[in-house]
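A.B. asks: Here is my input; please provide its structure:
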Amino acid sequence: MSYSVGQVSAFAGVTVRTLHHYDKAGLLSPSDRSPAGYRLYGDADLVRLQQILFYRELGFSLDEIAAILEDPMADALEHLRERQKRLREEIARLQRLAEVAERAIEVQQTGVRLTPEERFEVFGEVTFDLSYATEAELKWARSQGQRESMARAAAHTKEDWRQLMGEAAAWRAELLAAFDDGEPGDGERAMDLAEEHRLHISRWFTSCPPDMHRRIADDFVADPRAFSLVVPPSQQRPGLAAYTHRAVHANAARHDAGRTPREEDR
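C.D. replies: Below you'll find the predicted structure:
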């Protein structure tokens, strides 16, 4: 059977202009003509077109395709292996670009309005994984507390961030000291540190009642990314997340019992 340019264009998914270009380039010339001089493609032409489209999809140039198709001795397998290698390299490059774009989106969604240099200067290791903060924003998007937290984060200046991160670092040092000293997670020292953390959240982001603090601490043991926003991986110890979780829950229970520490005792 023979097919017109229009028919081939329709079922092959290429434009008539492309078929004409392949003809002029000597890559695919129709094997027949109608009495009126119109191009007619036979079955062998369609097989060749399929090969051309296959190689084009893999990114081969028309010259490379012509060499493969016209030279009976051409090593098509070697060409394909080389193309596979290049495609894998390109995939890896695009994956890296996608990760950079994703990280940029995450940073924007956290409400932190600092330049990349300022973020590194202020946050240090804590900036290495902000994906949890993004997921939390999406998870609690309808929460009044989350909306307030994001709004206040967006309003913080560089000096605000420097101060609050300084407070967090000092608190973290005390937490590590209590843990390393063997203080019980439900002891007074650990509970007081949990209370300081709760007040830190309230002071800088949003009101954090004990029940909310419990939910935050639950994520410490459920998702390593959550705890990494509190204690960077390089400073973590085995069992520290569970220890902090226990301290927060013990402090919340202390609130429930009306035994919260007085300000002058902290």
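
A.B. asks: make it CA atoms for all contacts and neighbour counts henceforth
C.D. replies: Fine.

A.B. asks: Can you verify my assumption that residue 241 contacts residue 220?
C.D. replies: Yes: judged on CA atoms under 8 Å, residue 241 makes contact with residue 220 at a distance of 5.8 Å.

A.B. asks: what's the overlap in contacts for the two?
C.D. replies: Common neighbours of residue 241 and residue 220 (criterion: CA atoms under 8 Å, 6 or more residues apart in numbering): residue 227.

A.B. asks: need the helices for the stretch 51-200 of the chain, in chain order.
C.D. replies: Along the stretch 51-200 of the chain, the segments classed as helices by DSSP state H, counting those that start in this stretch run 62-70, 76-109, 116-123, 131-139, 144-155, 158-180, 188-204.

A.B. asks: so what's residue 16 up against?
C.D. replies: 5-6, 9.

A.B. asks: Just name the closest of those residues to residue 253, please.
C.D. replies: The closest of these to residue 253 turns out to be residue 9 (CA to CA; 73.5 Å).

A.B. asks: show me what contacts that closest one?
C.D. replies: Each residue near residue 9 by CA under 8 Å, 6+ apart is listed here: 15-16, 19.

A.B. asks: right, and the helix or strand after the host helix or strand of it?
C.D. replies: Using DSSP states H and E, residue 9 maps to helix 5-12. Next in sequence after helix 5-12, counting helices and strands by DSSP H and E, comes helix 16-24.

A.B. asks: For the stretch 51-200 of the chain, give me the ranges with low pLDDT.
C.D. replies: Scanning the stretch 51-200 of the chain with the threshold set as pLDDT under 70 gives 72-75, 97, 99-147, 149-150.

A.B. asks: Could you rerun that using 80?
C.D. replies: The model of the stretch 51-200 of the chain has pLDDT under 80 over residues 71-80, 83, 96-156, 158.

A.B. asks: Now residue 3: phi and psi?
C.D. replies: Main-chain torsions, residue 3, degrees, to the nearest 10: phi -130, psi 140.

A.B. asks: and the gap between it and residue 184?
C.D. replies: To residue 184, residue 3 is 84 Å away according to CA to CA, to the nearest Å.

A.B. asks: Could you do residue 212 as well?
C.D. replies: Distance from residue 212 to residue 184, by CA to CA: 23 Å.

A.B. asks: And for residue 92?
C.D. replies: As judged by CA to CA, residue 92 and residue 184 stand 47 Å apart.

A.B. asks: And the two? Which one has more around it.
C.D. replies: Just comparing residue 92 and residue 184: by other CA atoms under 10 Å the higher neighbour count belongs to residue 184, 15 against 12.

A.B. asks: ok, that one - contacts?
C.D. replies: So residue 184 contacts residue 190 (CA under 8 Å, 6+ apart).

A.B. asks: Phi and psi next, for it.
C.D. replies: Note on residue 184: its backbone torsions stand at phi -70, psi 150 [degrees, to the nearest 10].

A.B. asks: just to revisit the earlier point, can you tell me which of the contacts of residue 9 lies nearest to residue 148?
C.D. replies: When these are ranked by distance to residue 148 (CA to CA), residue 15 comes first, at 54.6 Å.

A.B. asks: How many neighbouring residues does that closest one have?
C.D. replies: Residue 15: 14 neighbours (other CA under 10 Å).
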